[in-house]
Each structure stands twice: as structure tokens, then as C-alpha cells.
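1. Next comes the sequence, and after it the predicted model I'd like to discuss.
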2 protein chains.
Amino acid sequence: MNLRPAAEDLLAGLRDFLGPPGWRAPDDAPEVFVDDRDRFTGRGALVARPGTTAEVAEVVRRCVAARYPVVPVSGGTGLVGGHLTMTEPAPVILSLQRMNRIRAVDAADNAMIVEAGAILKDVQDAAEAADRLFPLSLASEGSCRIGGNLSSNAGGVNTLRYGNARDLCLGVEAVLPDGTVFNGLKRLRKDNMGYDLRHLLIGAEGTLGVITAAALKLFARPAESATAWLAVPDPEAAVELLHFLRPRVGDVISAFELIDVVGFGFLEEAGLDRPAPLDPMPKWSVLVECGGRPGVAEALETALGAAFEAGLASDGVIAQSQSHASDFWAIRETIPVANRAVGAVSSHDISVPVARAPEFIERATAALGAFDATLRINCFGHVGDGNLHFNVYRPKGADKAAYAMKSEDVKRIVNDLTHAFEGSVGAEHGVGRAKTVDLVRYGDPGLLAAMRAIKAALDPHGVMNPGAVLAAL
Amino acid sequence: MNLRPAAEDLLAGLRDFLGPPGWRAPDDAPEVFVDDRDRFTGRGALVARPGTTAEVAEVVRRCVAARYPVVPVSGGTGLVGGHLTMTEPAPVILSLQRMNRIRAVDAADNAMIVEAGAILKDVQDAAEAADRLFPLSLASEGSCRIGGNLSSNAGGVNTLRYGNARDLCLGVEAVLPDGTVFNGLKRLRKDNMGYDLRHLLIGAEGTLGVITAAALKLFARPAESATAWLAVPDPEAAVELLHFLRPRVGDVISAFELIDVVGFGFLEEAGLDRPAPLDPMPKWSVLVECGGRPGVAEALETALGAAFEAGLASDGVIAQSQSHASDFWAIRETIPVANRAVGAVSSHDISVPVARAPEFIERATAALGAFDATLRINCFGHVGDGNLHFNVYRPKGADKAAYAMKSEDVKRIVNDLTHAFEGSVGAEHGVGRAKTVDLVRYGDPGLLAAMRAIKAALDPHGVMNPGAVLAAL
């Protein structure tokens, strides 16, 4: 890497090239320099807001010619600082927000072509208008953008059935770090002509190029869906219950969320109380959803009856209407809001093999208890994928600063154990700038060497999102 | 690339290192120098048959130190010569066939760990023994091996529901071109810690490293499945029928094969006659299969009744037993055998966007008719994925050599049209050595440049499978 310091002629040229709608001064676009939890901030010399792929390519070409850093920003909701750099020289921020068109929805192809700046909710809505389902669904879907979802390979609640963002993408258009455009928007189900550059760009968090558009997979909308909240004896029973239900409802379970009763206490503590779905709320429960042909609700009810008999669940409520199901999901989605209000000592977006998740919860809880018995744990999330939000909190009313000092130790305990369980310390949100050290600490050496070689080959001057994923060496 | 000519000391050292079970003289392993249609042949200086990943790594390290080419071979069923080189120096052939262990089947994780040399059928059987489904299914499943399936990103008949080989893989272990081992066998559903090297190695056909083992996804076995053979008015109705059926059976259609009546004529011509499923056999029919919770057969029957009323199908038979369904599939799988017996002027493994497949068939048929009205076309295959086997034959009894001369023109007509339809000229089988020119002709320039940069970065001496995918420049 050999980045040149601020080049006023480059910036002036970009302002001139992009024209009034195509750029903003950093002070006029403060929203691109924060994440939505205000944990990180960034800096920039100019916010470029190109309106076309050709303009993106020209911005990248000019920056690389000047050896000047470019940091792409999409919705800014990734939570790991992937779009936020504090380093010098202050980069050109490449905002995709003006490129937000749905270029085409082709129901007969079960495919749509969208620009990177399209908001996820708008993508979902456009699919629904064509009687199709785009299943990616996240808490931030009202503000995150599809380019960022792909660049970070977002997960969410429907991964269990439909996969991560990468699994929902048939092709991408991208500007590579030398400014060439990769025209990979083919919407094919089978194509083995060459290396899969799509999958390399997905999850690379803008360090190997900028995704400008994507061809997305659509699905038939379920004719009927069913949602239930179930009391389970423990996390092990939860995993068993998942396997028990799957064949009985036809392998169409789309969500299977583990809920810790601690989350309900946090809702109360944060003044966000909602009626509990079960009375009493057990220590552990699961929120399950499935969708399929008519009769799937009845199939779920029958299967749950058998699960009760098998001792895999002890209480449960099946949502009686779409609005009842929405109430369940509102609880699920408000728990993270309550968590933030309570304020974590350390939050973890980890995954382990599904079958080992119960043992992980037990071992991690014990290890933290041995470290500091006063800590509170709220462990919840996508247990069907082995993806847990294992979050650690100080006691109610305790001094925030005193516990903040324990943050690094707590993180190390959870992450080391995750690694020992052959897990990932960045399951849904990626590396960004928050986990570059963790990537080096826990990453396979063969992977790291290959990543560095690929980065150097595609971006020899290190202009694309420097400092993200692979920290400067 | 700077490959050294045959180095007898390298070969002697490898023989010594691997010991008697670990190597063969080329003359003693003729099966690794052909493909299963005898269209290509290869050469080699030594057939290395390592038994462990560490041995594979040592073979690669020694070859790269000597700048000597290594050509991996798996089942040898890929049909595009990916494992067959005729260039000098005759390479070290790296056979994975001894590494055929099922290392672990974890039903509770819906995952299994297998070595690259495991035969696909054995993998399927091991999954079934644990009451799980590994859905990859191909005509060659009795002899192809999972390492080759992944290296070529194999497709097959269940792609419609379960995806291609890459979609069924949670992680890989591989030896990279410098001899380091990439330990990527984590069996996680969500992991965003770094670039996705797995997806880069899958489909790279051994040019970026050798996959030695894989973590595979398993699924619940369908409690009930249903198979039907249906007469459709034309290919357009076939695609409409797919979308019509999907929501009605709960989006669980796993196969949707278009059949041209020409295929039945070929069965007769090849002396492979089988009872036709419909009487009369229409010009176009589809073989459909779905699997799910009990009642899926009834759901299919009901949906088909509605499809008949909507004019999307005019006749049909639902298999009345598993053996009846097997008869249907035996017909489907014998058609390619008959095709080979008849002998194609040119065969094409192409894909186009699903919705455009009907128009493609019409246009390609017309273009070939204008070129030579005597040509016969058998177009069949995975229309639900837009993946057609569009094969062209001489008239019955016509001179083979005279028509062989038309082969390149026919290929160009079909491939040019495929490209004009935003399709792929290598949908299931990859590039190998047969389609390196096609990759350059039809491939996106941005993709090709990135591929060359990645290849040079990971394999600077060009030892891994030289001449495959990216032809020597």
C-alpha cells in the first residue's frame, strides 16, 4: 500500500465530474459517518454520490490513479464499522444511495435486478408486488441496502430455510479496484464458466470492489404460514425439537429462534414491556415459523402435539392470525432494542455447529460465572443456524464504567470458547474494522495468506476500503 | 508460468515418499487418462495416490518446488477434460481415490464430513443411513467423486430445490498451490470472518488448489414424494406449469425435466426401448418430482387437476409406487445413453434465464434448420433451472464423417445464440480443457482479468492443473 495524502485536485475533479446531485461535503452528510448504534464514527474528504455504474467506475478509476482511498457506504447498519475509517488521508466516501432503482422484476424467472442502493424493504415489496418472495429479512430492513447486505453477506431470521444473502444472489455487477466493470448480472441457475467472482465479492465488505447491482433469487410466496411460541425444557430440547418438526411439516421451517427469559426482563427494564406470549414465561422458549401449501398450520399443530408427548416442548401458543404472529415477531425484534437500552458489557455475534449450541451455552455461561458471578447473560437468536447473540450485561444499577473495564476479558472468554467449538466470532455481521484482530487471531493461516494474496492481486494499491477486513500490515 | 521438464529425481522422490499403495505407473492406471465417453485422453508421468491430506500437501510442495505440473483427478466423469492434459511435461497425476472416507455424519447438525475421493453414491447412502438426505444426484453418481463434484460445481436433477454442489457445501479442506493446507472444514451455517475461499475453490476445477475434504449439508428426508409425467402443449406451457404448481405443492418441487419425444425415438434407434409413460407420447412432456410432508402426492394431484383445466397440461400419469417412479427416472437417465449411441454432431450443456428457455428452443431450432434442414435435435433436461441439453444429430443412416465436419458451425450457432440470450455455454460441466476458448470468447472481460490475477496470485508458477479453465497465454 502506498496511498497518497489528500489531493485537492482529485477532489475538485470529482466534484466537477459528479455535479451538484452527485457529491456532498462531509459536513452535509453526517449520516454516512456513523453506524446506527453510534459505536463507531468515520471521516471522509468528500461524499461521492454517483447515479450510475459508469460514474462509480470513473470515481474508482480517478481514485486509484491518484492512489487515494475509497470507502463504499451502503445503509450503514452493519455494526462492525465496515464503512467507517478514521485513518488518514480521509477517504473519498462512495455512497450508493442514489443508485436505488429496481431495474427489473421477472416473476417468470423468479429473479429481479436491483441496484446496490435499493433499501431491503423496497426490494421485498417489489417482489411481493409480483406475487413473489424475497426472503432476506433483518431487523434493519427498513434502512439497510442490498449492496451492503451482499457485501457483508447478511443473515437474518429466514436463513434456516433460504440461506444467507449470498445464497439469494444469482449474479452481481461490480466495479473492480482498477475501475473496470464486472458485468456479472446473468440471472442463471447454473453457470460454471469460470471462477465464481460473485461469491468472492459477496462478503468482502467492499475491499475487493464495489457491488453496484445484483440479480436476486425470488421464491413462490407460501400459500399459508404458521407461527408458534413454545416453551422448551432447555436449549438441547430446542435443537431436538427442530429436527423433530422438520420432516413433519415438510422441511419448510423458515425461522427457529431461541429466546431467553432474560430478554423479557430487559424489555421491562427498558420500559418496552410487551404482553408475554406464555404464562409463565419459561427460562427457554422458541419462536418457530413455517410456510408452505395450505394445511401447513394444521401440520404444525399436529407435529407440536407429538412434540409435547415426546417431552420436547411443555407449553405453546400458535398464532391465531397474521396480527398475532406479528405481535410475536415484534417481541423478538424489540429484545435487541431493549438490550441496547440496558447496555451490554460485550455483545457477540457468534455461531457454532447447531448440535453443539446447547453445550456452548452451558459452557460459556459457566465460564463467565467463574469470571464474575454478577454478570447477566441474554443469549438468544437463530439457534436453528447455530447463530447466537450471546450478550453480557452488568447487574441492574451497577456502575457502567466499572463493568466496561471487564469488556475485553468477557469478549476473550466468549470468543476463545467459540473458537474451541469450531465456531465463528463473526457469524452475521462480518469483520468490518471491529474484528480485524479477531480474524487474525482465530482465522486459519491458509485462509489469511490466500486472502492477502487475492487482495494484493486485485487491489495492488490498496485503495478499496483500506483497513476493513484485512488490517493494514 | 515456467514449468521445468520431466525431473526424474522429483518422480523418484515421490515414489519413495508415497510407498507402494501411494503411487502407480501411468500404464498401470489407464482409467485416469480417459473420460467416461472416451472423447479425451491425457498423459502423466506418475499417478500419485496419497492417503492423507498431509501426503497431498507434500506432493504439491515437492511439485511446486520443482515447478512441475500437478493434475488432480477425482472420478473422471466431468466430460470436459478437466483432468486430462496432453501437454509436456507429462504431469504428476494426483488421484484422490484412496481418500474416500466418510469422516463423520452428524444428523443433529444436518452435516457430514467426507473426503474428496468418496463416491457420490456412498455419500448419499451414508446420509440415508442417518435418516438424512444428501440431495446431489447425477447420472454418474455411482462413479463420480465428491471432490470432483465440488471442483466442477456439479448440478444434476435436484438443483431446482437444493441448488448446485456449491450450495450443498458448508466448508472445504484444501491444499493450496503453495502446499499449505486450508483448514476450512467448519460446518457452520453462518460465518462471515473473511473472504469465501470455499466458493473460489469450488468450480475452479483444481486450478487454484486441491479440495481434500468437505463439510456437506444434509436435509430432512421427505416423508412422502410424488412423481408425475405430464404432456404439455409446448416449452412455454412447461415453464408456466412450474410456477403454477410451486405454491400449490408448497415450493417443494425438486425436479422438473423437459423431455422431447425425439429422445424416445433415440431409445428405439439405440435398441434401448422402454415403455412410453404416455400414449401417445406428445412432442413435449415434463417429468416432475416433489417431496414433503405426508399428503404431498395428493396436493400434486389436486394441483395437476387445476393445471389441466388451465390448459397447462393435457395428459399425465402420476407414479403409483416407488418402482413406478423409478421406471420414469430410468427412462430419463437412459436418454443420454441413447444419445451417445446415436452419436451427436454437437452436444451443448447450456443455460439461459428460465423464462427465456422456450424462446431459446424455438430460435435455436430455427437457426439450425436454416443452416441444415436435415439435422435432428434432441432438446431435454433441467428446464426448471433453464439448463438444457441441446443436442444435435445427423439424420438416421447419414454419413458420420460428413456431418462431423458441420460440428464447429453447429456449436457456434448454438453457443452464439446462448450468449445472446444472456446464457452460459457451460452450465453444469464447467470449462475443463474443452471450453477454454469459449470462456475467452463469451466471458466477461472484467471476470477474465480478475481470474487471471487470482490465478497468478495463488499459483504464481502455474503448477496446478495447467491448461484447464484458463488456457496458457
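-> Okay, I see it.
2. Can you show me the CA trace of stretch A:380-389 as CSV?
-> Extracted C-alpha coordinates of stretch A:380-389, given in CSV (Å, rounded to 0.1, in the frame of the first residue of the first chain):
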residue,chain,number,x,y,z
PHE,A,380,-30.9,-15.6,22.1
GLY,A,381,-31.2,-15.8,18.4
HIS,A,382,-31.1,-18.1,15.4
VAL,A,383,-30.4,-21.3,17.1
GLY,A,384,-31.6,-23.3,14.1
ASP,A,385,-28.4,-21.9,12.3
GLY,A,386,-26.2,-22.3,15.4
ASN,A,387,-26.1,-18.4,15.4
LEU,A,388,-26.4,-17.0,18.9
HIS,A,389,-26.4,-13.4,20.1
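3. Help me see whether that stretch makes contact with chain B, please.
-> Yes: using CB under 8 Å from any CB of the partner chain, stretch A:380-389 reaches chain B at A:382, A:385-387. Placement of C-beta: from N, CA and C, glycine included.
4. where does the stretch 1-150 of chain A have low pLDDT?
-> Filtered on pLDDT under 70, the stretch 1-150 of chain A yields the residue ranges A:1-6, A:36-39.
5. can you list the residues of it near chain B?
-> Within the stretch 1-150 of chain A, the positions near chain B by CB under 8 Å from any CB are A:106-111.
6. can you put these in JSON lines and add secondary structure and neighbour count?
-> Formatted as JSON lines, those follow (DSSP: H, G, I helix; E, B strand; the rest coil; neighbours: other CB atoms under 10 Å in any protein chain shown):
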{"residue": "A:106", "secondary structure": "strand", "neighbour count": "18"}
{"residue": "A:107", "secondary structure": "helix", "neighbour count": "16"}
{"residue": "A:108", "secondary structure": "helix", "neighbour count": "16"}
{"residue": "A:109", "secondary structure": "helix", "neighbour count": "26"}
{"residue": "A:110", "secondary structure": "coil", "neighbour count": "25"}
{"residue": "A:111", "secondary structure": "strand", "neighbour count": "25"}
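7. Tell me how chain A divides into domains.
-> Listed by automatic domain parsing, the domain ranges of chain A are A:102-220, A:222-341, A:343-427.
8. what's the closest of those domains to residue B:93?
-> For the domains of chain A, the distance to residue B:93 is smallest for domain A:102-220, at 22.5 Å, taking CB to CB.
9. Endpoint to endpoint, that closest one covers what distance?
-> 19 Å (CA to CA, to the nearest Å).
10. most neighbours per residue, which of the domains of chain A?
-> Each of these was scored by mean neighbour count; the highest is domain A:102-220, a mean of 23, by mean count of other CB atoms under 10 Å in any protein chain shown.
11. Out of the residues of the stretch 1-150 of chain A next to chain B, the closest to residue B:295 would be?
-> Among these, residue A:110 lies closest to residue B:295 (CB to CB), at 24.7 Å.
12. Tell me who's in contact with the closest one.
-> Residue A:110 makes contact with A:132, A:217-220, B:243, B:354, according to CB atoms under 8 Å, 6 or more residues apart in numbering or on different chains.
13. Just flag the most distant two among the residues you listed.
-> A:217 and B:243 (14.1 Å).
14. Check residue A:473 and give its pLDDT.
-> For residue A:473, the pLDDT comes out at 48.
15. scratch that, residue A:156
-> The model reports residue A:156 with a pLDDT of 89.
16. That one in helix, strand or coil?
-> Residue A:156 carries the three-state label coil when classified by DSSP: H, G, I helix; E, B strand; the rest coil.
17. In helices, which of the contacts of residue A:110 appear?
-> Those of the contacts of residue A:110 mapping onto helices are residue B:243, per DSSP state H.
18. All the strands of the stretch 251-400 of chain A, residue numbers only.
-> A:253-260, A:284-292, A:315-318, A:344-346, A:349-351, A:376-382, A:387-393 (DSSP state E, counting those that start in this stretch).
19. how about those, which one is nearest residue A:68?
-> For the strands of the stretch 251-400 of chain A, proximity to residue A:68 was assessed by CB to CB; strand A:349-351 is nearest, at 32.1 Å.
20. Briefly note if that closest one comes near chain B.
-> Yes: counting by CB under 8 Å from any CB, chain B is contacted by strand A:349-351 at residue A:351.
21. who touches that strand?
-> Contacts to strand A:349-351, defined as CB under 8 Å, 6+ apart, come from residues A:79, A:385-390, A:414-415, A:418, A:423-429, B:188-191.
22. Figure out how far it is from the centre of its chain.
-> Centroid separation between strand A:349-351 and its chain, computed with CA atoms, centre = their mean, to the nearest Å, is 11 Å.
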